[in-house]
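A.B. asks: Here's my sequence, what's the structure:
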Amino acid sequence: MKSFPVQRLLLFILILPVALCTPPAAPAGAQEAEKTEIRMQNQYYLFEVAATPEARRKGLMFRSELEKNSGMLFIYPEEKYLCFYMKNTFIPLDIAFINRELKIVDIRQMKPLDETLVCCRKKARYALEANKGFFRKKGIKIGDTIEFITPPSAALK
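C.D. replies: The predicted model follows:
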């Protein structure tokens, strides 16, 4: 029988806890989602940005919670009648539809896992999803405008 050197055993005992506590590295090419700071009603909020077809398709799917006073800004290349649904989305959400002049043209509510389409009543270039009741609690309503404090890259195109 071959003996296991004591030095190797000690090294293994010292390295194992460090290896178990170190988070796995992010996959190659993975990036943190872009964020944008938006001002509404003289308050500042930080929202994730979904500007690519893939990011817009995934949206807030598979999340069990959303931080208070945050959400996701969906950006489209041009104004159109936007429609959303809640497939694989577990969080009750409100959605504000915003035109190219950054004016809120519609606010709707969406129920978790409901695949019924929720469409804006007027053309919009942006959609802003937040926790249920967010816009009402903050006094944000149709006709209000938003301001990009840190404009998302897709909004500059």
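A.B. asks: rest of the way, CA atoms for contacts and neighbours
C.D. replies: Noted.
A.B. asks: all strands of this protein, in order?
C.D. replies: 35-40, 43-50, 70-80, 83-84, 93-98, 104-110, 118-119, 124-131, 147-148 (DSSP state E).
A.B. asks: Ok, which of those comes nearest Ala155?
C.D. replies: Closest to Ala155 of those is strand 70-80 (Cα to Cα; 7.0 Å).
A.B. asks: and that closest one, what does it pack onto?
C.D. replies: Strand 70-80 is packed against strand 43-50, strand 124-131, with contacts defined by 3 or more Cα pairs under 8 Å, 6 or more residues apart in numbering; DSSP states H and E.
A.B. asks: could you dump these to a markdown table with mean pLDDT, mean neighbour count and distance to Leu93?
C.D. replies: Output for these, formatted as a markdown table (pLDDT from 0 to 100; neighbours: other Cα atoms under 10 Å; distance: least, Cα to Cα, whole Å):
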| stretch | mean pLDDT | mean neighbour count | distance to Leu93 |
| --- | --- | --- | --- |
| strand 43-50 | 97 | 18 | 14 |
| strand 124-131 | 98 | 24 | 5 |
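A.B. asks: Report the contact partners of Val49.
C.D. replies: Counting by Cα atoms under 8 Å, 6 or more residues apart in numbering, Val49 touches Ala33, Glu34, Lys35, Thr36, Met72, Leu73, Phe74, Ile75, Pro152.
A.B. asks: Which residue is the nearest non-sequential neighbour of it?
C.D. replies: Once flanking residues are discounted, Val49 sits nearest to Leu73: 4.9 Å by Cα to Cα, 6 or more residues apart in numbering.
A.B. asks: Glu48 is in contact with that neighbour, correct?
C.D. replies: Yes. Between Leu73 and Glu48 there is a contact under Cα atoms under 8 Å: 6.0 Å.
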